[in-house]
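Undergrad: only the shape, not the letters, is given here:
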């Protein structure tokens, strides 16, 4: 099943169950949202998750492009991308989590042809603040799906930062990616790949970590499109599903790269095109700095083996394909102009960096004070300094 067919099957399935399709937003968050970019499909819906009536009703479905800077260091493995698409569904005070899970199971098995024996679920086992998610546990047991209970791994949003906002227990669906019959459980075997997260938003978390019940109980689900596509297509990584077909065809013929470098270059360039297509320009802070960092990581990898490599070599077909896929109304030439200007700034920074690092003061091991000085005074980030010294 190709990615476009997967999207249409998903949307049709939920429209048949009373969901209205909403238009996915750009990568840029709505006013007042503290995140740099949209990291999950629920971000534009926070006012409605907190009780405001949505003009299209209480059952919604969409496709939302997302960007996660927290995954930058993971890019290159089999499952992580910087920019990706998320298929999402929402119940705004309508149905509960178990019905959402039952529909999700039906879509995967009946709609997409997934063998039920290749599925595993996890649910929240309860902690000192919230009891166990027995409703979801009983649903999975009734469907005959193996289920594992956890605490931190099944509370959304997770992490130790106690991020304020809507939160609650979640149930995650995993698909077996290994050869042979499934083994062990998701927390013990990484061949179980998480594909779909169903969150029952029951509380609002405050800055001090305390919880208060939300005015309405919501269900928020998110399914990674490229991740599921690669699994359904029998591919070993997200970089080999059909959305990357033109990249896999053209980039290796252009630059001789090992597989990890090829994945990083394809991901970062594709992500940079999407970010520029959404109106962001390189800068030293905020959204523009994320774009700048992506472009400079690409150039650092490309020039490691051959200093003559550059973004201007990138085929226009790849830029056009990416803009079309993400439904962005920008001309490829305008994207190239932004990326080339950033490449020129990076070249000037490299030359200045080489001159500064050639000084006697920086010939030995660098201290933290040296790194701070080089960044604050000369604009040289740590990863660039390390790359120049290794080169």
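TA: Looks like it arrived, so ask away. Because the structure is predicted, anything quoted here is derived from the model rather than measured. Residues are numbered from 1 along each chain as shown.

Undergrad: so where do the strands sit in the protein?
TA: Listed in chain order, the strands of the chain (DSSP state E) span residues 20-21, 59-67, 83-92, 119-124, 147-150, 155-156, 165-176, 192-205, 211-224.

Undergrad: what packs against the last one?
TA: In this structure, strand 211-224 packs against helix 46-49, strand 83-92, helix 97-106, strand 165-176, strand 192-205, with contacts taken as 3 or more C-beta pairs under 8 Å, 6 or more residues apart in numbering; DSSP states H and E. From N, CA and C alone the C-beta is placed, and that goes for glycine too.

Undergrad: what is the shortest one packed up against?
TA: Applying 3+ C-beta pairs under 8 Å, 6+ apart, one finds that helix 46-49 contacts strand 83-92, strand 165-176, strand 211-224.

Undergrad: could you report the neighbour count for residue 180?
TA: 7 (other C-beta atoms under 10 Å).

Undergrad: to residue 373, which of the helices and strands packed on helix 46-49 lies closest?
TA: strand 83-92 (33.8 Å; C-beta to C-beta).

Undergrad: partners of that closest one, with directions?
TA: Sheet pairing of strand 83-92 (DSSP bridges) gives strand 59-67 (antiparallel), strand 211-224 (antiparallel).

Undergrad: tally of neighbours for residue 385?
TA: Residue 385, neighbours per other C-beta under 10 Å, totals 20.

Undergrad: that one: what's it in contact with?
TA: 353, 357, 366, 371, 374 (C-beta atoms under 8 Å, 6 or more residues apart in numbering).

Undergrad: distance of residue 192 from residue 232?
TA: 16 Å (C-beta to C-beta, to the nearest Å).

Undergrad: next, work out how far apart residue 69 and residue 247 are.
TA: Relative to residue 247, residue 69 is positioned 21 Å away (C-beta to C-beta).

Undergrad: give me the more crowded residue out of the two.
TA: For residue 69 versus residue 247, neighbours defined as other C-beta under 10 Å are more numerous around residue 247 (22 against 15).

Undergrad: how much space between the more buried one and residue 262?
TA: Residue 247 is 9 Å from residue 262, by C-beta to C-beta.

Undergrad: shared neighbours, these two?
TA: residue 239.

Undergrad: need the strands of the chain in TSV (columns: distance to residue 137 and mean neighbour count).
TA: Converted to TSV, the strands of the chain look like this (distance: least, C-beta to C-beta, whole Å; neighbours: other C-beta atoms under 10 Å):
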stretch	distance to residue 137	mean neighbour count
strand 20-21	30	14
strand 59-67	24	22
strand 83-92	19	24
strand 119-124	5	25
strand 147-150	6	18
strand 155-156	15	21
strand 165-176	8	23
strand 192-205	12	22
strand 211-224	16	19
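
Undergrad: could I get these as a markdown table with distance to residue 242?
TA: Converted to a markdown table, the strands of the chain look like this (distance: least, C-beta to C-beta, whole Å):
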| stretch | distance to residue 242 |
| --- | --- |
| strand 20-21 | 22 |
| strand 59-67 | 16 |
| strand 83-92 | 13 |
| strand 119-124 | 23 |
| strand 147-150 | 32 |
| strand 155-156 | 29 |
| strand 165-176 | 18 |
| strand 192-205 | 17 |
| strand 211-224 | 15 |
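
Undergrad: tell me the buried residues within the contacts of residue 385.
TA: Among those, those buried by neighbour count (16 or more other C-beta atoms under 10 Å) are 353, 357, 366, 374.

Undergrad: which of these sit farthest apart?
TA: 353 and 366 (12.7 Å).
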